[in-house]
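Chemist: got a predicted structure plus its sequence, pasted below:
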Amino acid sequence: MYKVYLDQNKTFECDIKIEGADAGKSEARLVLETKDFFITFKGSIQDGKVKIPVNKLKGVLQENFKGKIALEVIAEDTFFTPWSDTFETDTLRKVEVSFGDDSKLIKETASKPAVSVRMNNIEEHSNNILSLLKENRVTIKDIVKKPEILIENVSKYCIDKNINIKDTKTISQILEAISNKIATL
């Protein structure tokens with residue numbers, strides 16, 4: 001399930017390969033579909049990458065709203081949907097305040113700066129984490145002595161890039177890619 005944050009501008013990004021048509025003349029859009037309406041965001045395709053800015057939807061959709069999400073591509077005279085999933089809306093930040101007997105509950109939402117999300121790009125995530133380790137002058141000897149250094153850096157990166165740290169499959173793939181390249185430290 002894809003998370004759509006109501007209180008945050010995001011960029012939907014993914015890699016795409018178009019054959020038999022000019023990618024520069026192709027169009028991409030992201031469609032959020034519910035039983036009552038569609039919301040469409042138009043994007044671009046450049047150098048094999050789809051980038052679609054998704055504006056804040058606070059005031060348009062409610063929290064915990066569910067529907068279908070799809071990437072639509074029009075390549076010259078051909079329309080296709082290379083990716084689709086379900087989505088659920090949420091807010092990035094929540095503050096709950098209760099008074100005494102919990103009879104009154106106030107929810108307040110705070111916004112956070114825009115975050116780009118890149119889908120299915122384990123290679124890029126692992127390269128970025130290795131660069132982060134190099135910038136912090138972390139060596140392989142440091143990691144062998146204190147493995148938590150690697151875990152702390154991966155966790156911080158995942159939080160910064162809005163990668164669900166409970167998604168063990170993705171985290172495992174990122175760690176595996178890092179371990180295959182770690183000799184470069």
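Modeler: Perfect, I can see it now.

Chemist: how much space is there between the nearest residue to Lys66 once chain neighbours are set aside and Thr168?
Modeler: Nearest residue to Lys66, sequence neighbours excluded (Cβ to Cβ, 6 or more residues apart in numbering): Glu88, at 5.0 Å. No exception for glycine: its C-beta is placed from N, CA and C like everyone else's. In this structure, Glu88 and Thr168 are 20 Å apart, going by Cβ to Cβ, to the nearest Å.

Chemist: these two: who's more crowded?
Modeler: Set Glu88 next to Thr168 and count neighbours by other Cβ atoms under 10 Å: Glu88 wins out with 14 against 9.

Chemist: ok so that one is a strand residue?
Modeler: Yes. Glu88 forms part of a strand when assessed by DSSP: H, G, I helix; E, B strand; the rest coil.

Chemist: which ones are touching it?
Modeler: Counting by Cβ atoms under 8 Å, 6 or more residues apart in numbering, Glu88 touches Met1, Tyr2, Lys3, Val4, Asn64, Phe65, Lys66.

Chemist: next: Asn153.
Modeler: Residues near Asn153 by Cβ under 8 Å, 6+ apart: Ile129, Leu132, Leu133, Asn136, Val138.

Chemist: filter those down to the buried ones.
Modeler: Those of the contacts of Asn153 that meet the buried threshold are Ile129, Leu133, Val138, by 16 or more other Cβ atoms under 10 Å.

Chemist: now, which of those residues lie within helices?
Modeler: Among the buried ones among the contacts of Asn153, the residues falling in helices (DSSP state H) are Ile129, Leu133.

Chemist: now the buried ones among the contacts of Asn153 as JSON lines including pLDDT and distance to Arg29?
Modeler: Converted to JSON lines, these look like this (pLDDT from 0 to 100; distance: Cβ to Cβ, whole Å):
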{"residue": "Ile129", "pLDDT": "85", "distance to Arg29": "31"}
{"residue": "Leu133", "pLDDT": "86", "distance to Arg29": "37"}
{"residue": "Val138", "pLDDT": "86", "distance to Arg29": "41"}
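
Chemist: how about the helices in the protein?
Modeler: Going by DSSP H, the chain shows helices at 122-135, 140-145, 148-160, 168-181.

Chemist: relative to Asp36, which of the ones you listed is closest?
Modeler: Proximity to Asp36 (Cβ to Cβ) singles out helix 168-181 among the helices of the chain, at 32.3 Å.

Chemist: helices or strands next to that closest one in the packing?
Modeler: helix 122-135, helix 148-160 (3 or more Cβ pairs under 8 Å, 6 or more residues apart in numbering; DSSP states H and E).
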